[in-house]
Each structure stands twice: as structure tokens, then as C-alpha cells.
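Chemist: Kindly generate the corresponding structure for this input.
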Amino acid sequence: MEIYKKCLSTIKCSLAVVDRDGVILYCNSGFEQELSEEQGALVGRDIQGTPVYNTQMAGSFTEEWVYMQEMPKDFYVIHYMPFDIPLDFGLLTITPSDILIKSQNKAGSEPMIPKELQSIFELSFDGLFITDGQGRILMVNSSWEKLTGFSRDDVLGRRANDLVAEGKYTQSVAELVLKTGQTETIQLEITDGERTKQKILATGVPIFDANGKVWRVVANIRDMEMFSQINSLDRKQRFKSEESPQPHAESSVDKPEVIVKSQAMQHTMDMIARVAKTDATVLFSGETGVGKDVAAHMLHSLSDRSHRPYIQLNCAAIPGPLLESELFGYVSGAFTGAKRGGKMGLFEVAQGGTLLLDEIGELPLELQAKILRVLQNKEVFKVGSSKAKALDVRIIAATNRDLKRMVGEKQFRADLYFRLCVMNIVVPPLRERKEEIPYLISHFLKVFNNKYGRSVALDERALSLLVQNEWVGNVRELKNLVERLVIMGDSVITPEHLPLEYQWSTVKLSTSSSLRQAKDEVEYEILRQVAGIYPSTRKIAKALGVSQSTIIRKLKYYQIMGENGRRYAQTKKEEKP
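Modeler: This is a model prediction of the structure:
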């Protein structure tokens with residue numbers, strides 16, 4: 001044993017030799033100093049009586065484990081490794097976290113100390129946990145404990161897959177990341193404890209060592225209930241103005257639900273949920289028809305102002321000269337034709353609540369300056385009045401235009417742009433969230449079937465074609481199409497019932513195509529898709545508006561269908577018919 005002690009004393013780390021019962025057989029001076037113990041005071045003591053002890057250590061001196069422990073001086077990474085039989089002891093090392101965790105930026109500033117990292121980790125809104133390369137849980141934060149219902153004392157040092165095997169939750173994102181070596185996102189369910197049936201969205205990210213092996217897995221978890229709240233707004237929230245409804249402005253009555261099934265939309269809704277609890281000004285941007293107004297109303301509904309008015313104004317719907325009086329209101333006699341007694345503007349109507357300025361890119365330049373003053377001073381002047389009124393309204397803007405480019409072209413004020421764009425939330429186009437198309441179609445079918453007293457449904461072939469469509473008009477285009485199909489269609493919508501432009505997906509051309517090759521590619525792709533929809537050449541010809549003999553000849557040429565009606569492999573001949 002003396003030769004082992006001599007060797008161990010030369011090692012530049014804090015270590016101890018512990019037998020299978022947890023009794024310290026030997027420790028070096030570094031170990032004693034870290035525990036603030038005198039020389040020789042620890043030998044012969046049970047590890048349970050030291051600050052190193054953690055409840056997960058009990059009865060576990062026959063297998064390797066790693067965890068992070070808070071001790072009087074610092075946070076320490078504690079690693080135990082048993083020696084093979086016939087040796088009846090193992091090696092225990094304790095390492096201050098500041099040796100393992102360093103972060104220095106490119107400018108070469110002072111490294112962030114571990115306690116700062118620990119504070120950031122602990123205060124994160126998301127649940128966070130870290131495992132080593134074997135799936136052992138090293139750290140969890142308070143949000144993780146709150147979301148899962150488990151104490152960190154119950155899980156630190158244990159393998160994530162062991163917790164799954166014990167029935168604590170359905171699957172482990174850390175184990176999946178260790179298998180694939182890639183960032184993974186899964187949905188799991190808590191199956192034990194006080195948070196049983198809690199659904200969680202978990203994302204795990206691998207960190208690699210110098211040899212390219214997974215060294216750590218950092219995972220964050222979020223409550224899926226938050227997304228359920230986003231999907232199902234409380235429709236009981238209503239606002240009734242004391243005055244009659246304002247033209248071109250909408251209050252917070254019945255808004256459509258938001259379907260969230262794609263990662264792109266989940267990211268957008270996550271941003272909305274985070275920003276909603278603040279009073280920051282938000283700019284929603286995105287293509288026409290993506291649902292920016294719905295996203296804005298969602299933000300209001302998740303905010304502390306949800307019980308107060310929500311007013312929506314389409315800036316493109318009102319002529320410039322009338323827009324100012326609509327927003328700011330006016331006093332009696334402010335101009336010819338002004339209503340006796342004056343009128344409240346939408347800023348006042350929305351007092352305490354939220355005002356959405358939709359299509360804000362259409363605001364006249366002279367009115368932009370007045371909107372900026374409202375944002376800066378939190379007060380409003382009615383038209384014809386010199387008396388300011390204090391304002392407590394959250395301003396949200398939405399646009400499908402490139403405001404930054406408009407600033408460069410002097411079509412939009414730079415100061416207003418930066419004031420509005422405190423948070424810019426982009427609502428993704430429908431082609432980037434195609435997972436949601438079947439759910440949107442199902443939702444719109446239900447809405448319009450109820451509205452028109454129908455019971456129309458789509459068959460799988462028609463649904464498949466609609467999912468493949470590019471949807472230039474996004475959700476608005478899809479909604480309009482479904483309404484048209486419910487009004488005009490039979491009880492079951494098949495591909496034949498779809499407008500011609502929806503009966504095949506977009507054709508993608510090769511970059512090296514000549515004009516003739518491009519024409520052949522388009523013709524071949526259209527024929528291939530339509531032949532997959534209609535059962536006979538007569539119906540194909542009718543759908544494409546050509547003769548049956550032309551269709552038969554072209555199907556043979558492109559080897560889509562032979563004499564006996566059998567479909568060939570999808571290859572083309574070189575010569576044109």
C-alpha cells in the first residue's frame with residue numbers, strides 16, 4: 001500500500017482512496033485542503049461524514065459515477081472509479097468547477113467564473129440538465145425540478161436511462177443524443193410523482209471532446225402546456241367599447257385558434273410566450289397571409305393586459321387624411337364635419353390594453369412622426385386639442401414589407417423603425433411548416449361545415465396534393481380554398497374536385513435545362529402527377545384540356561403508360577413524339 005500512496009501523492013489533483021464501505025483509506029494533501037481538514041484527519045473516516053457525501057453515493061462504491069456537488073468553498077465535480085477485483089477499493093477525485101468550466105471571448109477578456117455560470121444556469125426560465133458522456137446526470141436547475149417534480153438529490157449521479165427504466169418518464173433525450181451524436185428534440189411524458197402526465201418538450205445538444213466523442217449533453221425542457229395555451233385561447237375574454245365599434249378596427253372577439261405542429265412555428269410561439277409578459281414593442285413580420293394578426297392577438301392574450309382592450313387597425317384600409325383622426329380622435333369643432341362632442345381615438349379606446357397597427361408600412365410619413373411621439377412620450381393629443389392625455393397602451397405592429405429597405409429608400413422613418421423593432425418576430429410561411437397543413441385543413445373544414453351546414457371531407461389523395469402545394473398566399477389562401485370546396489364540393493373531395501392549379505405539385509427544373517429540356521421536364525412532371533390522380537386517359541385529357549389521343553401518345557413517349565395501361569418506370573425517351 002505504501003508504494004501506492006507514494007505514487008498517489010505525486011498526482012496534482014485532490015483525491016482519496018475509498019473502500020467498498022465508503023471508508024477513506026488514504027487521501028492526499030490537496031483533498032484535505034479542499035475539505036479544510038488537517039493532515040491525517042480524514043483517514044479512517046466514513047465518507048458520509050464529509051461534505052463530499054451525496055445521497056446518491058449510498059451503496060454505490062462498486063460502480064463508477066460522476067456528479068456535481070456544492071461544498072463550502074465552491075462547486076465541485078466528484079468522480080469515483082472502482083478498481084477491478086481483487087482490489088477492494090476505488091479512487092475518488094474532487095475537482096473545483098472553475099478548473100473545468102472556463103469561458104473566454106475572442107477579445108480576450110476575463111473568463112466568466114463558474115459561480116456566474118451557475119447563477120445563469122440556475123435562473124434560466126427553461127429546465128436545464130447536463131449529463132456526461134455515459135448519460136450520468138451532473139447538474140439540473142430549479143426549473144427542471146419544478147417542471148418534472150423530481151428533486152435533484154434523486155437524480156444527480158444517476159444515468160438518465162435508469163430513470164426511464166424506473167418509470168419516472170417515458171424517454172430520455174440525453175440517451176438519444178448519445179446514440180445519434182446530433183441535436184435531438186422529443187416530446188416525453190412524466191409518468192411518476194407529483195407531475196405525472198406532465199408533457200414536456202426536450203431538446204438535447206451534444207458537446208464533443210478533442211477526439212470527437214460526446215463529452216457532455218446539455219438539454220433544455222419546456223412545458224408543453226404552454227403550447228396548449230397558445231393553441232387554445234380563452235375565448236371568454238371579450239371587450240366591449242363604450243362607444244360604437246370603430247371602423248376598420250377590431251376588438252378582441254372570437255379569433256381563430258393557432259395550429260402549432262412544426263418546429264418553426266413552435267419557435268415563433270415560444271418567442272411570443274416569452275415577450276408577452278413584458279411591455280416591449282413588437283414588430284411582427286412575414287409574408288402576406290401567414291397570420292401575423294393572429295400571432296399578435298395571441299401575444300395580447302398571453303400578456304398581463306389580456307383582460308383589457310385589444311384593438312386592431314389596418315393602416316392600409318383608411319385614407320391618410322382620415323387615419324390621424326381615427327388613431328388620435330378629435331375634439332368638437334376640430335374640422336368641418338367633426339362630430340359634436342368630439343370622438344375618442346383608438347389610442348384612447350385601447351387604454352390599458354394593446355393596439356395592433358397592421359400594415360404599418362402603409363403609414364404616411366407625416367403620420368409616422370406623430371406615432372413616434374406617442375411611443376416616446378406615452379401621451380396623445382387629439383386633433384384640434386393642445387392638451388396631452390397620458391397613455392398606457394402596448395403598441396404592436398405588423399407588416400409584410402421590408403421596412404429596413406424602406407428606411408434606406410426614405411419611405412419609412414429610421415427612428416420609428418428602431419422604436420418599433422425592439423422585438424422582431426417573424427411568422428414563418430406555410431411552406432416552411434407543412435406539418436400543419438393537414439391540421440389547418442381539418443380545422444377549416446370543421447369551421448365551414450358548421451357555417452354552411454355541410455359535412456364535406458377530403459380523401460387522402462386530395463390531401464396529399466394540397467400538402468405538396470407551395471401556398472404563395474399562405475394560410476389565407478388555404479382557408480379560402482377550403483371554404484370554396486365546402487360550398488361547391490361533394491361529400492368527399494377527391495383530386496378531380498380541386499381547382500386545376502392544385503392538382504399537381506410545383507415542378508422543379510434542373511439548373512442546366514435548355515428551353516426544350518425545360519418544356520419536356522414540365523410536361524413530363526405534369527403528366528406523371530395527373531396520371532397518378534385520374535384512372536383513365538379520357539379523364540386525364542379532360543383535366544388537361546387536350547384530346548385523348550394526345551394524352552395516349554404522350555404517356556407512351558414519356559414511358560408513363562404502355563399499350564396495356566401498365567405504368568412504366570419514371571424515365572423519358574430521348575426523341576420527341
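Chemist: For M423, what are phi and psi?
Modeler: Phi and psi for M423, reported as degrees, to the nearest 10, are phi -130, psi 120.
Chemist: Tell me, how many residues neighbour the residue nearest to it when sequence neighbours are not counted?
Modeler: Once flanking residues are discounted, M423 sits nearest to V282: 4.7 Å by CB to CB, 6 or more residues apart in numbering. Backbone N, C-alpha and C define where each C-beta goes, glycine included. By the criterion of other CB atoms under 10 Å, V282 has 26 neighbours.
Chemist: go on, E166?
Modeler: 11.
Chemist: ok, it to E63 distance?
Modeler: Per CB to CB, to the nearest Å, E166 is found 16 Å from E63.
Chemist: Same question for I207.
Modeler: For I207, the distance to E63 - CB to CB - is 24 Å.
Chemist: for Q48, same thing?
Modeler: 18 Å.
Chemist: repeat for L201
Modeler: L201 is 32 Å from E63, by CB to CB.
Chemist: and the residue nearest to M423, what are its phi and psi?
Modeler: phi -130, psi 140.
Chemist: Who are the contact partners of it?
Modeler: Counting by CB atoms under 8 Å, 6 or more residues apart in numbering, V282 makes contact with 275, 296, 299, 396-397, 422-425.
Chemist: possible to save the residues you listed as JSON lines with pLDDT, secondary structure and neighbour count?
Modeler: Rendered in JSON lines, the data for those read as follows (pLDDT from 0 to 100; DSSP: H, G, I helix; E, B strand; the rest coil; neighbours: other CB atoms under 10 Å):
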{"residue": "V275", "pLDDT": "91", "secondary structure": "helix", "neighbour count": "19"}
{"residue": "A296", "pLDDT": "92", "secondary structure": "helix", "neighbour count": "27"}
{"residue": "L299", "pLDDT": "92", "secondary structure": "helix", "neighbour count": "26"}
{"residue": "I396", "pLDDT": "94", "secondary structure": "strand", "neighbour count": "29"}
{"residue": "A397", "pLDDT": "95", "secondary structure": "strand", "neighbour count": "28"}
{"residue": "V422", "pLDDT": "86", "secondary structure": "coil", "neighbour count": "14"}
{"residue": "M423", "pLDDT": "90", "secondary structure": "strand", "neighbour count": "17"}
{"residue": "N424", "pLDDT": "92", "secondary structure": "strand", "neighbour count": "14"}
{"residue": "I425", "pLDDT": "93", "secondary structure": "strand", "neighbour count": "21"}
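Chemist: Among these, which pair sits farthest apart?
Modeler: A296 and V422 (14.4 Å; CB to CB).
Chemist: Touching, G329 and K382? I think so.
Modeler: Yes - G329 lies in contact with K382 (CB atoms under 8 Å); the separation is 4.6 Å.
Chemist: Give me the common contacts of these two.
Modeler: With CB under 8 Å, 6+ apart as the test, G329 and K382 both reach 342, 345.
Chemist: okay, Q48 and E63: which has more neighbours?
Modeler: Q48 (14 against 9).
Chemist: The closest residue to the more buried one other than its chain neighbours: neighbour count?
Modeler: Spatial nearest neighbour of Q48, excluding adjacent residues (CB to CB, 6+ apart): G22 at 6.2 Å. G22: 21 surrounding residues under other CB under 10 Å.
Chemist: contacting residues for G22?
Modeler: Counting by CB under 8 Å, 6+ apart, G22 makes contact with 46-48, 57, 61.
Chemist: roughly how far apart are it and T62?
Modeler: From G22 to T62 the distance is 11 Å (CB to CB).
Chemist: Check A295 too.
Modeler: 55 Å.
Chemist: more crowded one of the two?
Modeler: Counted by other CB under 10 Å, A295 and T62 do not tie: A295 has more neighbours, with 24 against 10.
Chemist: got a list of what Q548 touches?
Modeler: Per CB under 8 Å, 6+ apart, neighbours of Q548: 537-538, 541.
Chemist: What about those, which are in helices?
Modeler: The helices, defined by DSSP state H, take in 537-538, 541 from those.
Chemist: JSON lines for the contacts of G22, including secondary structure and distance to Q411?
Modeler: Listed next are the contacts of G22 as JSON lines, based on DSSP: H, G, I helix; E, B strand; the rest coil; distance: CB to CB, whole Å:
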{"residue": "D46", "secondary structure": "strand", "distance to Q411": "77"}
{"residue": "I47", "secondary structure": "helix", "distance to Q411": "72"}
{"residue": "Q48", "secondary structure": "helix", "distance to Q411": "73"}
{"residue": "M57", "secondary structure": "helix", "distance to Q411": "68"}
{"residue": "F61", "secondary structure": "coil", "distance to Q411": "73"}
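Chemist: Return the member of the residues you listed nearest to V546.
Modeler: M57 (79.8 Å).
Chemist: beta partners of R394?
Modeler: Beta bridges link R394 to T354 when assigned by DSSP bridges.
Chemist: what about the residue sitting nearest the centre point of the chain, helix or strand, and which?
Modeler: The geometric centre of the chain, computed from its C-alpha atoms, lies nearest to H267 (CA atoms, centre = their mean), at 1.6 Å. Using DSSP states H and E, the element containing H267 is helix 263-276.
Chemist: Which strands and helices lie in contact with that helix?
Modeler: helix 224-231, helix 292-302, strand 423-426 (3 or more CB pairs under 8 Å, 6 or more residues apart in numbering; DSSP states H and E).
Chemist: Tell me which stretches of the stretch 251-400 of the chain form helices.
Modeler: Counting by DSSP state H, counting those that start in this stretch, one finds helices in the stretch 251-400 of the chain at the ranges 263-276, 292-302, 320-328, 346-349, 365-377.
Chemist: Could you export the third one as PDB, CA atoms only?
Modeler: Yep, that's helix 320-328 we're talking about. C-alpha atoms of helix 320-328 as PDB (Å, rounded to 0.1, in the frame of the first residue of the first chain):
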ATOM      1  CA  GLY A 320     -54.200  59.100 -45.000                       C
ATOM      2  CA  PRO A 321     -56.200  62.200 -44.100                       C
ATOM      3  CA  LEU A 322     -58.700  60.200 -42.000                       C
ATOM      4  CA  LEU A 323     -56.200  57.900 -40.400                       C
ATOM      5  CA  GLU A 324     -55.000  60.600 -37.900                       C
ATOM      6  CA  SER A 325     -58.400  61.300 -36.500                       C
ATOM      7  CA  GLU A 326     -59.100  57.600 -36.400                       C
ATOM      8  CA  LEU A 327     -56.000  57.000 -34.200                       C
ATOM      9  CA  PHE A 328     -55.900  60.100 -32.100                       C
END
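Chemist: So which bits of it are buried?
Modeler: 323-328 (16 or more other CB atoms under 10 Å).
Chemist: Quick check: phi and psi on A280?
Modeler: phi -60, psi 140.
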